[in-house]
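Novice: let me see the structure of the following:
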Amino acid sequence: RVLETFFGNCIETIDPNAIYQSIWGSDITKGDELKNVPYVVQVCAYILKKLGERLYTNAFTAKHDGSVFDKTASFFNGFKTIIDKDIKGENENKKVYISKELGNLFELTDSITKENAEDALKVFYWGENISEVLRGQNLKLFVNSRVYHYYTEAYQTRHGALPYNQSYDKRTLEGAENVEIVPLSCVPMDFMLLTPKTNMLLLYNQKSSDENFIVERSLKNHYDVDFIANMFFGVQFESVSPEVFAVAQKKLV
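Specialist: Residues are numbered from 1 along each chain as shown. Next up, the predicted model:
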């Protein structure tokens, strides 16, 4: 697999004097010392938090577009984007690496609902083309948070009277104690990913000074400061071999 990161940046102007006479204000109104006043530090921490949230939100669905520079969704290629490229043979090698024939793709015929969620998850995991080597490992089953809700609702509706059914949350797949269900809001609907946790890679560049954030006096206003962040980010799978990877989704058009 080719491990690829993309370069992105963020510049946000902060006006510390907007709250000068409030309880959050500072006695400093201009110059380099503005960079260290408590209000500026708190705003910078908030911006960093929002950057992390945007990366999470787009972790599966982002599509890199070198002509768009102001959207996290076009900053890098997300997990599902990489999967779709490997299904269509639109990767760097122009080869199909994920398919039903290879044993690492399960095509959903229907959307996942409250009525069929339990069956959908089980049929995917116990499918005939899923590798026994894959099923023999400790696995994560990544699904959308709503799909997990559908699964727990379906399970309670069908099996609410079972004596061992003592809790609402079902973090392991029924009949497969080695499979932890991981509900994430950033996972698309009608999409399931089965793989060991170690197979999913988040890529940074934290070994050099190129990836950092700084606060500088604004180039536009002597009374403002600029928050400037540099980041290299990407995602990838260590392998999409059927022994460590299987995905379920609707057929691509």
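Novice: tell me the helices and strands packed up against the least confident helix or strand in the chain by mean pLDDT.
Specialist: When each helix and strand of the chain is scored by mean pLDDT, DSSP states H and E, helix 145-159 comes last, with a mean of 86. With contacts taken as 3 or more Cβ pairs under 8 Å, 6 or more residues apart in numbering; DSSP states H and E, helix 145-159 sits against helix 117-125, strand 176-184. No exception for glycine: its C-beta is placed from N, CA and C like everyone else's.
Novice: which among these is found nearest to residue 133?
Specialist: strand 176-184 (12.5 Å; Cβ to Cβ).
Novice: tell me where this protein has helices.
Specialist: Secondary structure of the chain (DSSP state H): helices at 38-57, 79-88, 117-125, 132-135, 145-159.
Novice: can you tell me what sits against the least confident helix or strand of the chain?
Specialist: If you take Cβ atoms under 8 Å, 6 or more residues apart in numbering as the criterion, helix 145-159 is touched by 112-118, 121, 143, 165, 168-170, 174, 181, 183-185, 187, 189, 192.
Novice: one more time with 10 Å
Specialist: 111-122, 141, 143-144, 162, 165, 167-171, 173-174, 181-192 (Cβ atoms under 10 Å, 6 or more residues apart in numbering).
Novice: try stretch 55-63
Specialist: With Cβ under 10 Å, 6+ apart as the test, stretch 55-63 has contacts from 6, 8, 54, 71-85, 142, 144, 184-188, 191, 193, 200, 202, 231, 233-235.
Novice: which of the residues you listed count as buried?
Specialist: Neighbour counting by 16 or more other Cβ atoms under 10 Å classes 6, 8, 54, 72, 74-85, 142, 144, 186-188, 191, 193, 200, 231, 233-235 among the contacts of stretch 55-63 as buried.
Novice: before I go, just wanted to say thanks for your time.
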